[in-house]
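Engineer: Below are the sequence and a predicted model; questions follow.
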Amino acid sequence: MIKYLTNIDFVLWSLKGQPAGSKWSSYAEKHPGDAQFQRALSVVKRLSFCRPSLSEQEKQQLFNAILADGGLAKARPRSLWPTVRRVAVTLAACLVVGVAGVALFNGLNNQEDVQAVQSALPQLSSIAMPESITILSDGQQQSLMTILARVECNEQGDIVVAGQRVASACSSPFDILVPASHRAVVTLADNTKIWLNENTRLRVNSQCGSGARSVEIDGEGYFDVTHNPDSPFRVLGQDLVAVVKGTSFDIRSTSAPDATQYVVLVEGQVDVDMPAIGESVSLAPSQILNYNNDCYMTTKTDVSSYTSWREGSIAISSDSIVDVITKIADYYAIEVEYDAGVSQLSCSGRLVLFDDVKQTLDVLTNIIPISYKWRGKKLYIESN
């Protein structure tokens, strides 16, 4: 059934009333005994009233109500995540509306149907990145006017920032968005601590009750997971799933095309699942797993090169200046060009990332024979 629900053409055809003359009408006539096809059609029929005029926030809020009313707010198995994301935005726009405007699902009597409907939650990577750190919970948006935010989910089910309740941690899920040049530190109800790098989106399961310990990430995060042998903690990335019971590691998993994703283990043990290729690898401390285009490699590494961003700096160990410049460009979300001479330079040490990119560049040019200038919004770096 999932293969149909993750096909956008099938979903749109179903929601439009299954018009004749399409390939799906032809398929239905030729395969009347395809039970999976009929079940998928039944699920989409329940989303029978299309409301494209709803805003994204309204769609999310209404669908949260559907999950709550239908008792469907359960954790999704990690094996389905790579496929269910594809249909999320389409289904989120089409909701069945009752007489009083309350959306209800009836007859979802098996786990596969539940998983299929849950797939209608908007993709994490599709949520527009705001200019400030933002929390999305229960259809509400809370902006935090700070470069570094400390967010806590307390035992009372509140999301607290600077001692003030800003949202509910009982929403399932709630999202934290961290734009360029910002960072956030999130403490979950079980005392697991998560550092979020800039340009990162985090989706967190409800922090109330005994729900599964899991989050979804698009970007980079450092995790210090509270040990619980009876409840593994899962971090779901784009193509990687990190499963731990208590450990510290860094993960970068982004929806950007052709981007290399990785998991770096600092201490403890982490199992990294790669559902697309059916592989799983256990990492030891100071090991990194790099993944790109369905290929992966594990090696030993200097973990500080991957985790120093938590302190607002870049750890450099005989790195090419081009690598350093790339990290600076990523951190400040700027475009950079450089001449051929720059690629021949390298350096070691630790570079502090100031709030102002000019300060950071001034420090770099004082120790490396390079200079820089701005051409419009693009930074140009040349060797001296």
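Structural biologist: Received the coordinates, thanks. Numbering: from 1, shown residues only.
Engineer: Now do the nearest residue to Ser343 once chain neighbours are set aside against Glu152, distance only.
Structural biologist: The spatially closest residue to Ser343, leaving aside those adjacent along the chain, is Val322, at 5.2 Å (CB to CB, 6 or more residues apart in numbering). C-beta coordinates here come from the backbone N, C-alpha and C atoms, glycine included. For Val322, the distance to Glu152 equals 39 Å [CB to CB, to the nearest Å].
Engineer: Low-confidence ranges, the stretch 51-200 of the chain, go.
Structural biologist: 51-122, 126, 171-172 (pLDDT under 70).
Engineer: which stretches of it form strands?
Structural biologist: For the stretch 51-200 of the chain, the strands defined by DSSP state E, counting those that start in this stretch occupy 133-137, 140-144, 148-153, 158-161, 164-168, 174-178, 183-187, 193-196, 200-204.
Engineer: Could I get the ones you listed in CSV, plus columns for distance to Asp224 and mean neighbour count?
Structural biologist: Output for these, formatted as CSV (distance: least, CB to CB, whole Å; neighbours: other CB atoms under 10 Å):
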stretch, distance to Asp224, mean neighbour count
strand 133-137, 20, 23
strand 140-144, 21, 15
strand 148-153, 14, 19
strand 158-161, 19, 19
strand 164-168, 23, 16
strand 174-178, 16, 24
strand 183-187, 10, 20
strand 193-196, 5, 20
strand 200-204, 14, 24
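Engineer: With distance to Gly33 as extra columns, can I get those in CSV?
Structural biologist: Converted to CSV, the strands of the stretch 51-200 of the chain look like this (distance: least, CB to CB, whole Å):
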stretch, distance to Gly33
strand 133-137, 43
strand 140-144, 47
strand 148-153, 49
strand 158-161, 50
strand 164-168, 46
strand 174-178, 42
strand 183-187, 49
strand 193-196, 48
strand 200-204, 39
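Engineer: For Lys377, find the nearest of those.
Structural biologist: strand 174-178 (21.8 Å; CB to CB).
Engineer: Which strands or helices does that closest one pack on?
Structural biologist: Helices and strands in packing contact with strand 174-178 are listed as strand 133-137, strand 183-187, strand 200-204; criterion 3 or more CB pairs under 8 Å, 6 or more residues apart in numbering; DSSP states H and E.
Engineer: Now tabulate those strands in JSON lines and tack on distance to Pro229.
Structural biologist: As requested, the helices and strands packed on strand 174-178 are exported to JSON lines (distance: least, CB to CB, whole Å):
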{"stretch": "strand 133-137", "distance to Pro229": "30"}
{"stretch": "strand 183-187", "distance to Pro229": "21"}
{"stretch": "strand 200-204", "distance to Pro229": "22"}
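Engineer: from the middle of its chain, how far away would the helix or strand containing Asp319 be?
Structural biologist: Per DSSP states H and E: Asp319 is located in strand 313-320. In terms of CA atoms, centre = their mean, to the nearest Å, the centre of strand 313-320 is set 26 Å apart from its chain centre.
Engineer: With that, I have no additional questions.
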